[in-house]
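> I need the structure of the sequence given here:
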Amino acid sequence: MPAIRERDIEKGRRDFLTCQKALKHRAAIASASSSSTGSLTDVTLPTDSSDPDFVPRPVIAMAVRYTLAVLEKAAPGPSTEVRVAPYAAVKIFPGPDSDPHNLTPPDVVEIDPATWLRLACGVTSWQQEKAAGHVAPIGERDEQIGRLVPIRA
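Got it, this is the predicted structure:
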């Protein structure tokens, strides 16, 4: 099953751009704040609707699905699964397919939605997120994903 339906691609792109704008704004605030002790890997989209950067959960979901579809199109194949739960998962990169007994590809990368959107939007790098412990790779090909982000809308 694809990460996003073909008819939702344009909506997904718009929602991605909405998330990108909000995340980059929050990252700029975090960078400019001299009292900030956190890093950009702590930047997330606010869940409080009174926040001016608030992005509703359905918009975040569509942005995740859209960016995963773009990732899948950029590097098709069956050997590495990128999971952004609870929204979607895609398989990318040529190579060995899933084990027929457990249907899991040789390489799996689990990423939470906030981390994935920071990567997809170019707020942080793969190395920053990996160092912060926000990327949980199983296998050897996770570094190749870092070369595919940020996502170009």
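> and residue 135, how many neighbours?
The number of residues packed near residue 135 is 21, by other Cβ atoms under 10 Å. C-betas here are computed from N, CA, C, even on glycine.
> Excluding sequence neighbours, find me the nearest residue to it.
residue 129 (5.1 Å; Cβ to Cβ, 6 or more residues apart in numbering).
> you'd agree the one you found is in a strand?
No. Checked against DSSP: H, G, I helix; E, B strand; the rest coil, residue 129 lies outside a strand; its state is helix.
> list the contacts for it?
41, 111, 115, 118, 119, 135 (Cβ atoms under 8 Å, 6 or more residues apart in numbering).
> Residue 120 too?
So residue 120 contacts 16, 20, 63, 67, 149, 150, 151 (Cβ under 8 Å, 6+ apart).
> What of residue 82?
68, 71, 89, 90, 91, 92, 109, 111, 145.
> ok, now residue 91?
72, 77, 78, 79, 80, 81, 82, 105.
> Narrow these to those in helices?
residue 72 (DSSP state H).
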